[in-house]
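*Asks:* What shape does this take:
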Amino acid sequence: MKKMIKKAVLTLFAVGALTTASAQKIAHVNLDSLVGMMPETKTAKDVAQKYLKDLESTVSSMEEELQKKYNDYLTNEATMSDLVKKTKQDELNSLQRRIEDFKVQAQQDYQKKYGELTAPIMEKAKKAIESVAKEGGYKYVLDTSVGNVLYSEPAEDVLMSVKKKLDSMPLANIPGANNGAEKPKTNPAPKTGGK
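*Replies:* A predicted model of the protein is given here:
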């Protein structure tokens, strides 16, 4: 008798646990789309683009210097002594290596800068998602932008709820930007009659 009661209690406990687990609410959001809607994203992209153009300008100047020295070498090579030729060749090779090293470092610096610029945006998006999840009673919110969800039962897309939450939050502080001084432009309400 005790064994039957024990089995019945364990069965009820298991059914209760399964019922609780299946009652958990799950939602999804496309994080890439959400971040793309945020006005801070355009600001971050503009700052990153300016940074990239500055790096590209430096590379261009270095390549122009290399080309000028190479042309000078070709023009005067016939009249150079072997020692001067070797010195010029070494100088050209050294400048070429510096340019290549700079390009590698510039790419790394750009990636780091882009990460610094987007970090506050991602943090703000995550806070908004967390807030909507808590308000909606969701136990899980899946990111559909990375495509890791291979199968899911129908779930609620909370993209617009999170977007609404973001609209009520202050702009994220983007390093190197006007720090929120430039607000997104909205169309003013049309004027109606009167003086």
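*Asks:* CA atoms for contacts and neighbours, from now on please.
*Replies:* Noted.
*Asks:* Does Glu100 belong to a helix, a strand or coil?
*Replies:* Put simply, Glu100 is helix when judged by DSSP: H, G, I helix; E, B strand; the rest coil.
*Asks:* Could you give the number of residues near it?
*Replies:* 13 (other C-alpha atoms under 10 Å).
*Asks:* what pLDDT does it get?
*Replies:* With respect to pLDDT, Glu100 has a value of 97.
*Asks:* do Ala177 as well
*Replies:* pLDDT, the model's per-residue confidence, is 77 for Ala177.
*Asks:* which stretches of this structure have low pLDDT?
*Replies:* The model of the chain has pLDDT under 70 over residues 1-23, 148-154, 179-195.
*Asks:* which residues touch the residue positioned nearest the centre of it?
*Replies:* The structure's the chain has its C-alpha centroid closest to Thr118; by C-alpha atoms, centre = their mean the separation is 4.8 Å. The contact partners of Thr118, by C-alpha atoms under 8 Å, 6 or more residues apart in numbering, come to 41, 44, 174.
*Asks:* so which of the residues you listed is the most crowded?
*Replies:* That'd be Ala44 among the contacts of Thr118, by other C-alpha under 10 Å, with 25 neighbours.
*Asks:* if we can go back for a sec, within the helices and strands, which one has the residue nearest to the centre of the chain?
*Replies:* Per DSSP states H and E, Thr118 falls inside helix 82-136.
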